[in-house]
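> Return a 3D structure for these sequence lines:
(2 chains)
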Amino acid sequence: QKEVEQNSGPLSVPEGAIASLNCTYSDRGSQSFFWYRQYSGKSPELIMSIYSNGDKEDGRFTAQLNKASQYVSLLIRDSQPSDSATYLCAVIQGAQKLVFGQGTRLTINP
Amino acid sequence: EAGVAQSPRYKIIEKRQSVAFWCNPISGHATLYWYQQILGQGPKLLIQFQNNGVVDDSQLPKDRFSAERLKGVDSTLKIQPAKLEDSAVYLCASRGGADTQYFGPGTRLTVL
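Residues are numbered from 1 along each chain as shown, chains lettered A, B, ... in the order given. Here you go, the predicted structure:
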């Protein structure tokens, strides 16, 4: 079992719709969770962090965490073509070791 | 605030050659990370420094990879000798007091 698992996609969503990205993790002791966005040929940039069960909203982005189910998700509302990128789920394990999933490639179709 | 700097941005070498990458973290960030990102995969941690000490190097192929962080600021990652499977983007990241890691632009290595 991989430490952090994501569906690699590609996920195709029409412009203006909601994009839903999912991630599961194996370490029950994990407390810190992140979503990074990575455009092709660029480095990852942090878009959301979440530490408590429930929802956290920031603009068009909502992160959801369910520690009992070891599940993290990212919702992107009113999807724009500029949201087309690979989204990386990351979980901190141990002494600040960040473990990444393989990423989900998202395409927003105009 | 200046971001994480890396150089070179691109490097092409032949197998069995050696190569070195340089990273300058955000000023004041005590923790520095080197990741390897193979095309189509997420970044994989190679080594983590806290100031100039190694915290985690469990996934660093020590027979060919080495890294140092002298004086707790800049860091260098070296590969000697390189293999074809080392072709990847090498990302440096740094972290201050909070959990957030900030990534540099990366070095794209191609081994022929």
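> dump the residue contacts of residue 90.
Assuming you mean chain A. Residues near A:A90 by Cβ atoms under 8 Å, 6 or more residues apart in numbering or on different chains: A:V4, A:F33, A:F34, A:W35, A:Y36, A:L98, A:V99, A:F100, A:G101, B:G42. Any C-beta I mention is one placed from the backbone N, CA and C, and that applies to glycine too.
> hm, I was asking about chain B
Contacts for B:Y90 (Cβ under 8 Å, 6+ apart) come out as B:Q6, B:F21, B:W34, B:Y35, B:Q36, B:Q37, B:L77, B:G106, B:T107, B:L109.
> can you rerun that using 6 Å?
When contacts are counted by Cβ atoms under 6 Å, 6 or more residues apart in numbering or on different chains, B:Y90 is found next to B:F21, B:Q36, B:T107.
> How about it: what's its closest non-neighbour residue?
Leaving aside its chain neighbours, B:Y90 sits nearest to B:T107 (4.7 Å; criterion: Cβ to Cβ, 6 or more residues apart in numbering or on different chains).
> Surely the one you found and B:F21 touch.
Yes: using Cβ atoms under 6 Å, B:T107 is in contact with B:F21, at 4.8 Å.
> Smallest gap between chain B and chain A, at which residue?
B:G42 (3.3 Å; Cβ to the nearest Cβ).
> mind checking the SS state of that residue?
Counting by DSSP: H, G, I helix; E, B strand; the rest coil, the backbone at B:G42 sits in coil.
> Past the lowest-mean-pLDDT helix or strand in chain A, which element shows up next along the chain?
Scoring the helices and strands of chain A by mean pLDDT, DSSP states H and E places strand A:97-100 at the bottom, with a mean of 90. The helix or strand immediately downstream of strand A:97-100 is strand A:104-109, counting by DSSP states H and E.
> Figure out how far that following strand is from the centre of its chain.
13 Å (Cα atoms, centre = their mean, to the nearest Å).
> How about stretch A:52-65?
Distance, stretch centre to chain centre, for stretch A:52-65: 11 Å (Cα atoms, centre = their mean).
> That stretch near chain B at all?
No: applying Cβ under 6 Å from any Cβ of the partner chain, one finds stretch A:52-65 separated from chain B by no less than 13.3 Å.
> Quick one: end-to-end length of that stretch, please.
One end of stretch A:52-65 to the other measures 7 Å (Cα to Cα, to the nearest Å).
> same deal with stretch B:87-101?
Start-to-end span of stretch B:87-101 (Cα to Cα) is 24 Å.
> And for stretch B:5-17?
Stretch B:5-17 has an end-to-end distance of 24 Å (Cα to Cα).
> Could you say whether the closest residue to A:L21 other than its chain neighbours sits in a helix, a strand or coil?
Distance criterion Cβ to Cβ, 6+ apart; nearest residue to A:L21, sequence neighbours excluded, is A:L74 at 4.4 Å. Under three-state DSSP, A:L74 falls in the strand class.
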